[in-house]
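# Got a predicted structure plus its sequence, pasted below:
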Amino acid sequence: MLQPVLTGAAAENEPPMIEVRDVSHVFATPRGLFRRASAVRAVNGVSFEVARGCTFGIVGESGCGKSTLASLLIGDRIPAVGTIRVAGETVQAHLARGRKSYARTIQMVAQDPFGTMDPRQKVGPQIDETLALHFPLSRADRRTRTAEMLRSVGLPDSVCEKMPHQLSGGQRQRVAIARALIVQPQILICDEPTSALDVSIQAQVLNLLLRLQEKFGLTIVLISHDIRVIGHMSHAIGVMNAGRMVEQGRAAEVLCCPRNAYSRALFDAAPGAGRLMCGAEESAAVEKVTRKGIA
Ligand SMILES: Nc1ncnc2c1ncn2[C@@H]1O[C@H](COP(=O)(O)OP(=O)(O)OP(=O)(O)O)[C@@H](O)[C@H]1O
Ligand SMILES: [Mg+2]
């Protein structure tokens, strides 16, 4: 079995922020009129750890189990097998105290921010509602915090007065990030956060996530089918194939010298990434890892 990789400067001294141990999840589809009962092992024996303030990138083809793993981390599903500990406690223990409490530990940013917004409500009241749900603040304080958070994600106050459909895709994703961060979570799960965006906007949103990670000390699990996105952002990388994590390690090592045949094929299929990232880009990645105190 693959050994989980401890990533981050804090790894030596404190327990990991996320600890996934031998987790499996099966979707059972009952027998229907025209189909047999079936079972899909979406996640199969996955283990990994992420230290505080670090990004663990999960890459793999469509259907390999990335989103299922995300749903297990945020507690939308409970793994049939294995354990997930988040900030020192199992997901079940967090959920026993209520979803609201767990939401202050872990938040998710999904591919389609429009799907998580109320299309009939202005942006400001939507962020305000989230804030009011979690903190006993006066209306004026909530307004100040909302404006500050919008500034942190690079949006003007005037966005508060807009309806979701009046925003561009990039602006909508920034609002989704603001709404996730307004509850001050320690962990952000980003499931294909830039897949629906133009390449130039993708880069802006990814760089924003890097800045916010630094500012708020966020631990991030970033999911993408695009190894270039994962390579740009991650301190450590896990490669998934058919529910299994076939390879994991420090980003520079996995990108430059993938040991697994599937990882090599995946990286070779993405020009400008993977093993091509040796030389100048490798030293940049190593520098990033070193900066975080990993190397
Ligand atoms: N609710 C569900 N019921 C039954 N099977 C499911 C369900 N959700 C996902 N699956 C199956 O589990 C497997 C993993 O799906 P998942 O959505 O986790 O993949 P993914 O890696 O996120 O894919 P993509 O990159 O396309 O988003 C797939 O075979 C999928 O068909
Ligand atoms: Mg998915």
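Now that the structure is in, tell me what you want to look at. Ligands and ions are numbered 1, 2, ... in the order given.
# going forward, measure contacts and count neighbours with C-alpha atoms only.
Will do.
# and the residue of the stretch 151-295 of the chain found nearest ligand 1, what is it in contact with?
Using C-alpha to the nearest ligand atom, H225 is the residue of the stretch 151-295 of the chain that sits closest to ligand 1, at 6.0 Å. For H225, the contacting residues are V59, G60, E61, S62, E192, by C-alpha atoms under 8 Å, 6 or more residues apart in numbering.
# who wins for neighbours among those?
Of all the contacts of H225, the highest neighbour tally under other C-alpha atoms under 10 Å goes to V59, namely 27 neighbours.
# Look up the residues forming beta bridges with that residue.
As for beta bridges, V59 partners with S224, V239 under DSSP bridges.
# That one is in contact with D226, isn't it?
Yes - counting by C-alpha atoms under 8 Å, V59 touches D226, with 6.8 Å between them.
# Could you pick out the residues of this structure near ligand 1 for me?
By the criterion of C-alpha under 6 Å from any ligand atom, the positions of the chain lying close to ligand 1 are F27, V40, A42, E61, S62, G63, C64, G65, K66, S67, T68, H225.
# Just those residues: which are in helices?
With helices taken from DSSP state H, the overlap with these comprises K66, S67, T68.
# Just the pLDDT for the second one.
According to the predicted model, the pLDDT of S67 comes to 97.
# mind listing the strands for the stretch 101-250 of the chain?
Taking DSSP state E, counting those that start in this stretch as the criterion, the stretch 101-250 of the chain carries its strands at 106-109, 187-191, 219-224, 236-241, 244-250.
# one step back: arrange the contacts of H225 in CSV, one row each, with pLDDT as further columns.
Below are those laid out as CSV (pLDDT from 0 to 100):
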residue, pLDDT
V59, 97
G60, 96
E61, 94
S62, 95
E192, 96
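# Filter the residues of the chain next to ligand 1 down to the buried ones.
Among the residues of the chain next to ligand 1, those scoring as buried are A42, C64, G65, K66, S67, T68, H225 (criterion: 16 or more other C-alpha atoms under 10 Å).
# Now do G82 against ligand 1, distance only.
Between G82 and ligand 1 the distance is 17 Å, computed by C-alpha to the nearest ligand atom, to the nearest Å.
# Same check on L72?
In this view, L72 and ligand 1 are 10 Å apart by C-alpha to the nearest ligand atom.
# how would you label that residue: helix, strand or coil?
Using DSSP: H, G, I helix; E, B strand; the rest coil, the structure places L72 in helix.
# Number the chain from 55, please
Sure thing, new numbering starts at 55, so read that last one as L126.
# Poorly predicted segments of the stretch 205-349 of the chain, please.
Along the stretch 205-349 of the chain, the parts satisfying pLDDT under 70 run over 325-349.
# For it, just list every one of the helices.
With DSSP state H, counting those that start in this stretch as the criterion, the stretch 205-349 of the chain has helices at 223-235, 253-270, 281-287, 305-310, 315-322, 334-345.
# list the buried ones in the first one?
Within helix 223-235, the residues that qualify as buried are 223-235, counting by 16+ other C-alpha under 10 Å.
# what would those look like in JSON lines with distance to S254?
Rendered in JSON lines, the data for the buried residues of helix 223-235 read as follows (distance: C-alpha to C-alpha, whole Å):
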{"residue": "G223", "distance to S254": "12"}
{"residue": "G224", "distance to S254": "10"}
{"residue": "Q225", "distance to S254": "13"}
{"residue": "R226", "distance to S254": "15"}
{"residue": "Q227", "distance to S254": "14"}
{"residue": "R228", "distance to S254": "14"}
{"residue": "V229", "distance to S254": "18"}
{"residue": "A230", "distance to S254": "19"}
{"residue": "I231", "distance to S254": "18"}
{"residue": "A232", "distance to S254": "20"}
{"residue": "R233", "distance to S254": "23"}
{"residue": "A234", "distance to S254": "23"}
{"residue": "L235", "distance to S254": "23"}
